[in-house]
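Undergrad: Got a predicted structure plus its sequence, pasted below:
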Amino acid sequence: LSTVVVLGSLIAFTKNPITKRFSAPGLKQEKTYADDRIVFWHAHWEMIQDRPILGHGIHLDSEYRRPYFEKIGQGSFPKQYEAHNQLIQIMAEGGAIGVLLFGLWLAAIWRFLKGFSPLVRNAGRQTIAFFLLGGLTQNSFFDSEVRYAILLMLTLLLVEWKAQGASAEEAEA
């Protein structure tokens, strides 16, 4: 965890490809918003207010989002993308029910990890924590690397769980 904090600080406070990307002149299209993501979040907040319980459904394209960008005065904004925040995106697509189901899914995994060794439990919980942290500025479900990492974690947990079950059966015999 200390390594992550140190590396994160180094990335944030030094010149590197990541900080250059956030300070590039091409990203800030509109002076009224500090960053493009805030435009995305604002447009999706308008979507959430329209359908807070059930949301708008999945796979919303830019044509569907266009009226919401127009509503906030960003109709000519060139990048009318997804929310770039997985919780806002889940709320826009699935409403409060979608966020509740997402939270229950994460809570079930967190609780499932309780039965593992401290090493496995900590690695799994850190994976969940970083998944949530990363999802604050990106919709992690659209990034194949994130989906593969979560799938790999769940697969390894299943293998470990089966191995623990087999070890317990051998001990009883």
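TA: Nice, thanks for sending it over. Numbering: from 1, shown residues only.
Undergrad: Would you mark the buried spots in the helix or strand hosting residue 161?
TA: Using DSSP states H and E, residue 161 maps to helix 144-172. Neighbour-count burial for helix 144-172 flags 146, 149, 150, 153, 157 (criterion: 16 or more other Cβ atoms under 10 Å). (Glycine included, C-beta is placed from N, CA and C.)
Undergrad: just the helices in the chain please.
TA: 2-13, 17-23, 36-50, 62-71, 86-112, 118-134, 144-172 (DSSP state H).
Undergrad: how about CSV for those, with distance to residue 78 and mean pLDDT added?
TA: Output for those, formatted as CSV (distance: least, Cβ to Cβ, whole Å; pLDDT from 0 to 100):
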stretch, distance to residue 78, mean pLDDT
helix 2-13, 27, 82
helix 17-23, 17, 68
helix 36-50, 10, 94
helix 62-71, 10, 95
helix 86-112, 20, 95
helix 118-134, 25, 88
helix 144-172, 24, 79
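Undergrad: Which stretch among those helices is buried most, on average?
TA: Counting by mean count of other Cβ atoms under 10 Å, helix 36-50 has the highest mean neighbour count of those, with a mean of 19.
Undergrad: ok, residue 132 to residue 140 distance?
TA: 9 Å (Cβ to Cβ, to the nearest Å).
Undergrad: Ok, residue 64 next?
TA: From residue 64 to residue 140 the distance is 21 Å (Cβ to Cβ).
Undergrad: Check residue 101 too.
TA: Residue 101 is 16 Å from residue 140, by Cβ to Cβ.
Undergrad: Check residue 57 too.
TA: Applying Cβ to Cβ to residue 57 and residue 140 gives a distance of 19 Å.
Undergrad: give the contact list for the residue most central in space within the chain.
TA: Nearest to the geometric centre of the chain sits residue 135, at 2.5 Å (Cα atoms, centre = their mean). Residues near residue 135 by Cβ atoms under 8 Å, 6 or more residues apart in numbering: 85, 86, 87.
Undergrad: now swap in residue 1 and tell me
TA: Residue 1 neighbours (Cβ under 8 Å, 6+ apart): residue 126.
Undergrad: Apply 6 Å and report the result again.
TA: By Cβ atoms under 6 Å, 6 or more residues apart in numbering, the contact list for residue 1 is empty.
Undergrad: Which pLDDT value goes with it?
TA: The confidence metric pLDDT takes the value 77 at residue 1.
Undergrad: what's the distance between it and residue 67?
TA: Here residue 1 is placed at a distance of 43 Å from residue 67 (Cβ to Cβ).
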